[in-house]
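**Q** Compute the structure for the input listed below.
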Amino acid sequence: MGKATESIHGHGFGDEVGSVVPPIYLTTPFRQVIEAQLSDRGLDLKYSREENPTVRYLERVLARLEGGVDALATNNGMAAISTILMTILKSGLRLILPAEVYGTTLGLAINMRKFGVETVVTMPETKDLAEAIKANPGSVVIVETITNPMLRVIDVDHLIKVSRDTGSTLIVDNTMATPVLYRPIEHGAELVVHSATKYISGHNDVLAGVIVSSSQSIINDAWQWRRRLGTIIQPLDAYLVLRGVKTMNLRVRRHCENAMAVADFLSNHPKVREVYYPGLKSSAYHELASRMFNGLYGGIVSFKIKGGREEAREFLNALSMVKPAPSFGGPESLITYPITSAAQPIPDEYKAKLGIDESLLRLSVGLEDPEDIISDLDNALRRIP
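**A** Predicted structure coming up:
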């Protein structure tokens, strides 16, 4: 079954009345006489904080799309990351991650020190991460397939091998790439997480996260931590994500097409100093991205304008259709100022090394006609002195 088909039919739902769409189970408790009923994976089905049928339909689809044996849906992306870290970390272990990672993920990792976990922060290049893993065997490692906001592409295949050779556990945040561009588990990764708020749900109207694994025992352990932490997604939200994921394959491809057109436009604009997009042949990551992503390069374009904070403010205020807002992956084109949003928690010493400054903007290219996106950007850029 192809991935587009799986995104629509992978839930495996069927009932006695012939409903095509899985229903929303809004119940809190389930009938229990003595022993609890069991879900399809053999775990207790007695209370929706632990297991819920609507959630299970979503988890089946996401597991199949990422090539995992099973999945756990959570109430947001950070819930997915915190749940899996609580599952696999213990006092004395080292947690390795790049300086350029979602700022809240970095903040969580640094604060794990209070539990006796040593955090090792490295630069976000494949060679730096590989060296850190080799120097700290047996560690837990978090990487993003495409970094946020500078759009560096990580050679995940190489890090999978290095992690396996050193007895380390690699967690791949595949939010920006999505299963449409890249599926880490098919390349040997053990754990994948997503903020399903973004491209998976795809409509800027629901918070969601997911953990997918090639190991059922890891999923079972993480299920216990999700139960203890209360991080399960709510049934209505699971229904909305399940509805959105049906069109993910089509949406992501259109996002990529539009982003390529926008990146080409920005590359030739006199008010733009630099463009970061792996689809551009001028990108240092173009060759790697072409090998990993099968000719697609993602729906995010980052760029630096000529100027700083005030010029950025002028530009953002002049936009009409493109909305300044801190998210990505929905139909609406959204633009954010990373230094005061997603990258704000990154320590200043790292921001300078990473190239994150007051001229940087991150554009989530939406599903509008590309000519309209470009026109809006052009009109706003012309307002910069």
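**Q** next structured bit after the helix ranked longest in the chain?
**A** Secondary structure of the chain per DSSP state H: the longest helix is helix 248-267. The helix or strand immediately downstream of helix 248-267 is strand 272-276, counting by DSSP states H and E.
**Q** the inter-axis angle of the following helix or strand past that next one versus helix 248-267?
**A** Following strand 272-276 in sequence order, the next helix or strand is helix 286-293 (DSSP H and E). Here helix 286-293 runs at an angle of 170 degrees relative to helix 248-267 (axes from the mean of the first three to the mean of the last three CA atoms, to 10 degrees).
**Q** What residues of helix 286-293 count as buried?
**A** 286, 288-290, 292-293 (16 or more other CB atoms under 10 Å). Yep, even glycine has a C-beta here, placed from its N, CA and C like the rest.
**Q** Same check on stretch 35-55?
**A** So, applying 16+ other CB under 10 Å, buried residues of stretch 35-55: 36, 39, 41, 43-46, 48, 50-55.
**Q** Among these, name the ones in strands.
**A** 44-45 (DSSP state E).
**Q** Now do the longest helix of the chain against strand 272-276, angle only.
**A** Relative orientation of helix 248-267 versus strand 272-276 (the same axes, to 10 degrees): 150 degrees.
**Q** Send me helix 248-267 as PDB with only the CA atoms.
**A** C-alpha atoms of helix 248-267 as PDB (Å, rounded to 0.1, in the frame of the first residue of the first chain):
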ATOM      1  CA  MET A 248      -0.600  15.400   3.800                       C
ATOM      2  CA  ASN A 249       1.000  13.900   0.800                       C
ATOM      3  CA  LEU A 250      -0.700  16.300  -1.600                       C
ATOM      4  CA  ARG A 251      -0.200  19.300   0.700                       C
ATOM      5  CA  VAL A 252       3.500  18.800   1.400                       C
ATOM      6  CA  ARG A 253       4.300  18.500  -2.300                       C
ATOM      7  CA  ARG A 254       2.500  21.800  -3.000                       C
ATOM      8  CA  HIS A 255       4.300  23.400   0.000                       C
ATOM      9  CA  CYS A 256       7.600  22.300  -1.500                       C
ATOM     10  CA  GLU A 257       6.700  23.600  -5.000                       C
ATOM     11  CA  ASN A 258       5.600  27.000  -3.700                       C
ATOM     12  CA  ALA A 259       8.700  27.200  -1.400                       C
ATOM     13  CA  MET A 260      11.000  26.600  -4.400                       C
ATOM     14  CA  ALA A 261       9.300  29.400  -6.400                       C
ATOM     15  CA  VAL A 262       9.500  31.800  -3.400                       C
ATOM     16  CA  ALA A 263      13.200  30.900  -2.700                       C
ATOM     17  CA  ASP A 264      14.100  31.600  -6.400                       C
ATOM     18  CA  PHE A 265      12.300  35.000  -6.200                       C
ATOM     19  CA  LEU A 266      14.000  36.000  -2.900                       C
ATOM     20  CA  SER A 267      17.400  35.000  -4.200                       C
END
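**Q** what's in contact with it?
**A** With CB atoms under 8 Å, 6 or more residues apart in numbering as the test, helix 248-267 has contacts from 3-4, 7, 65, 178-181, 199-200, 202, 272, 275, 277, 279-280, 282, 296-301, 303, 329, 331, 363, 365-368, 370, 373-374, 377-378.
**Q** redo that, cut-off 6 Å
**A** 4, 7, 178, 180, 199, 202, 272, 275, 277, 279-280, 296-297, 299, 301, 303, 365, 367, 370, 373-374 (CB atoms under 6 Å, 6 or more residues apart in numbering).
**Q** List of residues touching stretch 337-355?
**A** Residues external to stretch 337-355 that are found in contact with it (CB under 6 Å, 6+ apart): 99-100, 103, 106-107, 148-150, 312, 326, 356, 358, 360, 362.
**Q** So how do I select the buried members of the residues you listed in PyMOL?
**A** One line in PyMOL is enough to select the buried ones among the contacts of stretch 337-355; burial here means 16+ other CB under 10 Å:
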select buried, resi 99+100+103+106+148+149+150+312+356+358+360+362
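**Q** Among the contacts of helix 248-267, which lie within strands?
**A** Among the contacts of helix 248-267, the members falling in strands (DSSP E) are 272, 275, 301, 303.
**Q** Among these, which pair sits farthest apart?
**A** Farthest pair in the ones in strands among the contacts of helix 248-267 (CB to CB) is 272 and 301. Separation: 10.5 Å.
**Q** between these two, who's got more neighbours?
**A** Neighbour count, other CB atoms under 10 Å: between residue 272 and residue 301, residue 301 has more, with 29 against 19.
**Q** The more buried one and residue 19, how far apart?
**A** 41 Å (CB to CB, to the nearest Å).
**Q** returning to what we had before: which of the buried residues of stretch 35-55 sit farthest apart?
**A** Pairwise over the buried residues of stretch 35-55, using CB to CB, the maximum falls at 36 and 54, 18.1 Å.
**Q** Distance check, residue 35 against residue 251.
**A** Counting by CB to CB, the gap from residue 35 to residue 251 is 43 Å.
**Q** let me fix that: residue 46
**A** Taken as CB to CB, the span from residue 46 to residue 251 is 36 Å.
**Q** roughly how far apart are the closest residue to residue 103 other than its chain neighbours and residue 359?
**A** Nearest residue to residue 103, sequence neighbours excluded (CB to CB, 6 or more residues apart in numbering): residue 345, at 3.3 Å. Distance, residue 345 to residue 359, by CB to CB: 20 Å.
**Q** cool, residue 243 as well?
**A** Per CB to CB, residue 243 is found 39 Å from residue 359.
**Q** Counting neighbours, go ahead and name the busier of these two.
**A** residue 359 (20 against 16).
**Q** Run through the bridge partners of the closest residue to that one other than its chain neighbours.
**A** Of all residues not flanking residue 359 in the chain, residue 304 sits nearest, at 4.3 Å (CB to CB, 6+ apart). On the basis of DSSP bridges, residue 304 is bridged to residue 274, residue 360.
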